[in-house]
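>>> need coordinates for the below:
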Amino acid sequence: QAALASYDRALSTRPDYPEALNHRGMALCKLKNPQEGLICFRRALELKPDSAEYQANLGRSLLELGQLEDAVEGLHLALRSGPSVAVFQSLANAYYQLGHVDKQADIYRQWTAFEPDNPIPRHLAAGSSKGAATKRAADQYIAKLFDGFAETFESALLHLGYQTPQKLAALIKAELGTDTAALRILDAGCGTGLAAPLLKPFASQLVDVDLSTKMLDKARERKLYDELVVGELCAFMASRPAAFDLVILADTLVYFGALEEAFSTAHKALAPRGIFAVALEARAADSTGPDYRLEPHGRYTHHPAYVTRLLATSGFTLRKIEQVVLRRELNADVAGIAVVARRLS
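Predicted coordinates:
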């Protein structure tokens, strides 16, 4: 608000000041007013038509307003002036929303060529391409993605109607029934700790592990966890044999394709008869093809039959599997499965 007032004062003195118009537009977009921001960017471009920065800002505001074709055109104009991470990111997002997966993949390949050490475009290029999928997202991808997402994570999920922790908590409560014994709980891949308020009433000890230090910083602010660990969840579970009565992975294994290691290490971390609760994005039950697939949005979907088969071979007995809606995305429900199982012995 203070920045916006400053730019307004500058423009009252010099209405044809393109830099002030551009920055006024950026302030308006930060204040969730991309429509007025659009007017500023267009006026700035009239005054300085060769500015890649102004063109990129125009494209991003068009994207935010859902004017996808116009956004693509504007962002490509910005890209011609030189590669830019922000433009690559916005172009790929626009193509994803338009359903142009091949074009999305091409943008990720260009981005990877520009930033060969960045794990984000590498992973997303694999999801957008028709080649063989990787077995899981790289640790560096997850850490970098969620470190950059920590500040807006909860507000973004709220906007998408995210209810996965609540759905899993309800299934866990039903499984516990009249058993009121306090549990040693591992919230694996906890993120900002959205599940913590739901799990704390069951807990004698609440532990979390995550690859993202910035997400853990957010979880720490809740003051509900007894232990917070920066680390890879399979390695952590393998290091804590029989340490937990409940292991929950709420929307965490969407970054795993092959689930064998995650299931086997969860089995190791659980005490006998311990509860394993997990939510996954689901492939259609009648779909053919592989057990899992890396999708253009960068997450894996899993066939329910693969999950139930693997639970049995990993030493679990299935207690409940339920079809759920995990969130809304691109104006459609994201289909998932919520699973509760118990370690056999």
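
>>> surely residue 255 and residue 137 touch.
Yes: using CB atoms under 8 Å, residue 255 is in contact with residue 137, at 4.2 Å. Where C-beta positions appear, they are placed from N, C-alpha and C, glycine not excepted.

>>> settle this for me: residue 153 is touching residue 219, isn't it.
No: counting by CB under 8 Å, residue 219 is not a contact partner of residue 153; they are 10.6 Å apart.

>>> list the residues that contact both of those two?
Shared contacts of residue 153 and residue 219 (CB atoms under 8 Å, 6 or more residues apart in numbering): 191, 192.

>>> more crowded one of the two?
Neighbours per residue, other CB atoms under 10 Å: of residue 153 and residue 219, the larger number sits with residue 219, 24 against 19.

>>> where in this structure is pLDDT low?
130-133, 285-286 (pLDDT under 70).

>>> which residues of it fall in strands?
183-188, 203-210, 227-230, 244-249, 270-282, 292-294, 300-302, 316-329, 332-343 (DSSP state E).

>>> for the third one, buried residues please.
If I follow you right, that is strand 227-230. Neighbour counts over strand 227-230 (16 or more other CB atoms under 10 Å) mark 228, 229 as buried.

>>> just the first one next, same as before
By 16+ other CB under 10 Å, the buried positions in strand 183-188 come out as 183, 184, 185, 186, 187, 188.

>>> sheet-wise, list the partners of it with their directions.
Sheet pairing for strand 183-188, assigned by DSSP bridges, gives strand 203-210 (parallel), strand 244-249 (parallel).

>>> equivalent analysis for the fifth one, please.
Looking at strand 270-282 with DSSP bridges, its paired strands and their directions are strand 244-249 (parallel), strand 300-302 (parallel), strand 332-343 (antiparallel).

>>> want to try TSV for those strands, with distance to residue 90 as columns?
Putting the strands paired with strand 270-282 into TSV (distance: least, CB to CB, whole Å) gives the following:
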stretch	distance to residue 90
strand 244-249	31
strand 300-302	24
strand 332-343	21
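
>>> let's have those strands in TSV, adding mean neighbour count and distance to residue 60.
Converted to TSV, the strands paired with strand 270-282 look like this (neighbours: other CB atoms under 10 Å; distance: least, CB to CB, whole Å):
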stretch	mean neighbour count	distance to residue 60
strand 244-249	25	34
strand 300-302	24	28
strand 332-343	20	23
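
>>> which one of those lies closest to residue 320?
strand 332-343 (4.5 Å; CB to CB).

>>> how far away from the center of its chain is the closest one?
Remark: strand 332-343 is offset 17 Å from the chain centroid, using CA atoms, centre = their mean, to the nearest Å.

>>> which residues does it contact?
Under the criterion CB under 8 Å, 6+ apart, residues 164, 167-168, 171-172, 175, 251, 267, 270-282, 284, 302, 304, 307, 311, 315-328 lie in contact with strand 332-343.

>>> just stretch 15-29 next, same as before
3-4, 7-8, 10-11, 14, 34, 36-41, 43-44, 47-48, 51, 53-54, 57, 60-61, 64.

>>> give me every residue that touches residue 140.
Contacts of residue 140 by CB under 8 Å, 6+ apart are residue 119.

>>> if you set the cut-off to 10 Å instead, what comes out?
117, 118, 119, 120, 122, 123, 211 (CB atoms under 10 Å, 6 or more residues apart in numbering).

>>> ditto for residue 271
By CB under 10 Å, 6+ apart, the contact set of residue 271 is 183, 184, 241, 242, 243, 244, 245, 246, 343.

>>> that older thread, closest to residue 78 out of the strands of the chain?
Closest among the strands of the chain, once you apply CB to CB, is strand 316-329, at 26.0 Å.

>>> elements contacting the closest one?
In terms of contacts (3 or more CB pairs under 10 Å, 6 or more residues apart in numbering; DSSP states H and E), strand 316-329 is packed against helix 153-159, helix 164-176, helix 260-269, strand 270-282, helix 304-313, strand 332-343.

>>> mind checking which of these is nearest residue 295?
Of all those, it is strand 270-282 that lies closest to residue 295, at 7.8 Å by CB to CB.
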